[in-house]
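Asks: I'll drop the sequence and a predicted model, then ask my questions.
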Amino acid sequence: MASTSGSGDAGHSADLTRLKSYTFEIGPIRPPSEGGSFSLLLRVTRNCPWSRCTFCYARFYHSNPFELRTVDEVKADIDTVKAISEEIKALSWKLGFNGNIEAMAATLPGLLLGGKDTRSLEANEVRNVHCVINVFNWMMAGGKSVFLQDADTPVMHTDQLVEVLRYLKEVFPSIERVTSYARAKTIERKTPEELKQLRAAGLARLHIGLETGDDELLAYVDKGVTAEEHIKAGKQAMAAGFEISVYAMPGLGGSAFWQQHAVNTARVLNEINPDFIRMRPFVPLHGTPMLEDFRNGDFEMTSPHERLREIKLMIENLEVTSRVTFDQITNIGIRSGDRLIPLFRNDYDGYKFPGEKGLVLEIIDEGLRLDEKALMDVKEWAGRHSL
């Protein structure tokens, strides 16, 4: 009979203590489409090498300096993940689950916490439990997907990243997909041969923040890259066999730039024709220069209807075979009491173009026919820490 005690089994206290002693580095963010709980999170670099975009300002990385981790450091973390996975497998047998990892889902968190609330734990205890739970969830999902953190893993020397990728696949043969954020500037600087090496070593999908295809707006937000560099990077990555998710940021241009933002972003996306176009509406975040511009009246944010018109203009100009997604909470939603009903489907696969382009335009027109007060206004999110 399997133990279901939430406070832990005294007979397995040594096993749990050992399991909770393991730790490896996990960065602060990952794309929602990488599944979080279902992808192993492995930190290869720390923070962002650019950190100057005025809408972000490395806020998610607490403005900490960028650091390259060594190959040995990352390999040691991979070994730790392996050790955690072996401990979990062994514990499943000792608890009577006969190696069935999924059957432990209701039991393991309680055993790890020992009946405590996470708020009562020390920071290092919370970190270690987080590491174990990440590996456990990943194992339950089949151990197939890994997301390399932080903001620009490919900036690592190609030979070193290839070594990390090969070691990762060697230790975990079950891995089917390895993904990462990447700056367009970094990809554009890689040779076609280097990109092919990374793809052959197992890096399969890149998440690239385009935000806008308008050069004037790119300079205004200090993105550090031009529209043509974005196009070159996207084409090079796809030619090397990568699956590409490109992020566009409706509202980034405010009332002043919205038309050129929409038209020129569509132009760049047409040139790249990525696998995914993911809409990430602009919200001025706490600690960023653009929030100060908004508060000072130097930046006028678009209203819900204005933002829909901008998205409509962008969609009308898209000639792609991509999947267009709205898989983020700040996309337009309809108020219903205390609830917010997404206007668009917010699943990770989105709408397949060109077949569903007309459907997206119909949905936008439906939103424009609604009273604007019925739609979420991202101005209400401005400056919040929780985003």
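Replies: Received the coordinates, thanks.

Asks: contacting residues around the residue nearest to P342 when sequence neighbours are not counted?
Replies: Nearest residue to P342, sequence neighbours excluded (CB to CB, 6 or more residues apart in numbering): G333, at 5.2 Å. All C-beta atoms are positioned from the backbone trio N, CA, C, and that covers glycine. Neighbouring residues of G333 by CB atoms under 8 Å, 6 or more residues apart in numbering: 340-343, 375-376.

Asks: for those, work out which two are farthest apart.
Replies: Greatest spacing in the contacts of G333, by CB to CB: P342 and L375 (11.2 Å).

Asks: any shared contact partners between these two?
Replies: 332-334.

Asks: hmm, back to that, and P342 and L375? which has more neighbours close in?
Replies: Using other CB atoms under 10 Å, the more surrounded residue of P342 and L375 is L375, with 20 against 16.

Asks: where along the stretch 51-200 of the chain do the helices fall?
Replies: Remark: helices assigned in the stretch 51-200 of the chain by DSSP state H, counting those that start in this stretch are 71-94, 108-113, 123-140, 158-171, 184-189, 192-201.

Asks: least reliable of those going by mean pLDDT?
Replies: Least confident of the helices of the stretch 51-200 of the chain, judged by mean pLDDT, is helix 108-113 with a mean of 85.

Asks: so which bits of it are buried?
Replies: Applying a neighbour-count criterion of 16 or more other CB atoms under 10 Å, one finds 108, 110-113 buried in helix 108-113.

Asks: next one: stretch 154-173
Replies: Buried residues in stretch 154-173, defined by neighbour count with 16+ other CB under 10 Å: 154-156, 158, 161-165, 167-169, 172.

Asks: dump the C-alpha coordinates for it into CSV.
Replies: Output of stretch 154-173 as CSV, limited to C-alpha atoms (Å, rounded to 0.1, in the frame of the first residue of the first chain):
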residue,chain,number,x,y,z
PRO,A,154,23.2,31.1,-28.1
VAL,A,155,25.5,34.0,-27.1
MET,A,156,27.6,31.3,-25.5
HIS,A,157,30.6,30.2,-27.7
THR,A,158,29.2,27.7,-30.2
ASP,A,159,31.6,24.9,-29.4
GLN,A,160,30.8,25.2,-25.7
LEU,A,161,27.0,25.2,-26.2
VAL,A,162,27.4,22.2,-28.5
GLU,A,163,29.2,20.4,-25.8
VAL,A,164,26.5,21.2,-23.3
LEU,A,165,23.8,20.0,-25.7
ARG,A,166,25.5,16.8,-26.5
TYR,A,167,26.1,16.0,-22.9
LEU,A,168,22.5,16.8,-22.1
LYS,A,169,21.3,14.4,-24.8
GLU,A,170,23.8,11.8,-23.7
VAL,A,171,22.6,11.8,-20.0
PHE,A,172,18.9,12.0,-21.0
PRO,A,173,18.3,10.1,-24.3
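
Asks: list of residues touching it?
Replies: Contacts to stretch 154-173, defined as CB under 8 Å, 6+ apart, come from residues 42, 44-45, 49, 68, 71, 74-75, 78-79, 81-82, 143, 146, 153, 175, 178, 180, 182-183, 186-187, 190, 194, 197-198, 201-203, 206.

Asks: are any of those residues buried, and which?
Replies: Neighbour-count burial (16+ other CB under 10 Å) applied to the contacts of stretch 154-173 gives 42, 44-45, 49, 71, 74, 78, 81, 143, 146, 153, 175, 178, 180, 182-183, 186-187, 190, 194, 197-198, 201-203, 206.

Asks: residue contacts, W258?
Replies: Residues near W258 by CB under 8 Å, 6+ apart: 251, 302, 306, 309-310.

Asks: and if you look at E271?
Replies: Contacts for E271 (CB under 8 Å, 6+ apart) come out as 231, 234-235.

Asks: check D152 too.
Replies: Contacts of D152 by CB under 8 Å, 6+ apart are 45, 48-50, 181-183, 186.

Asks: of the helices of the stretch 51-200 of the chain, which is nearest D214?
Replies: The nearest among the helices of the stretch 51-200 of the chain, by CB to CB, is helix 184-189 at 14.4 Å.

Asks: in the stretch 201-350 of the chain, which spans are strands?
Replies: In order along the chain, the stretch 201-350 of the chain carries the following strands (DSSP state E, counting those that start in this stretch): 203-211, 243-248, 276-279, 323-325, 333-336, 339-342.

Asks: let's have the contacts of D152 in a markdown table, adding distance to V320.
Replies: As requested, the contacts of D152 are exported to a markdown table (distance: CB to CB, whole Å):
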| residue | distance to V320 |
| --- | --- |
| T45 | 30 |
| C48 | 28 |
| P49 | 29 |
| W50 | 27 |
| Y181 | 21 |
| A182 | 20 |
| R183 | 22 |
| T186 | 23 |
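
Asks: please list the members of those that lie in strands.
Replies: Secondary structure from DSSP state E places 45, 181-182 of these in strands.

Asks: just the closest of those residues to S33, please.
Replies: Among the ones in strands among the contacts of D152, Y181 lies closest to S33 (CB to CB), at 11.8 Å.

Asks: could you give the bridge partners of that closest one?
Replies: Bridge pairing for Y181 (DSSP bridges) gives the partners H207.

Asks: hmm, it is touching P28, no?
Replies: No: assessed by CB atoms under 8 Å, Y181 is found out of contact with P28, at 12.0 Å.

Asks: mind listing what the nearest residue to A76 once chain neighbours are set aside touches?
Replies: Distance criterion CB to CB, 6+ apart; nearest residue to A76, sequence neighbours excluded, is F24 at 7.9 Å. Contact analysis of F24 by CB under 8 Å, 6+ apart lists 42-43, 76-77, 80-81, 131.
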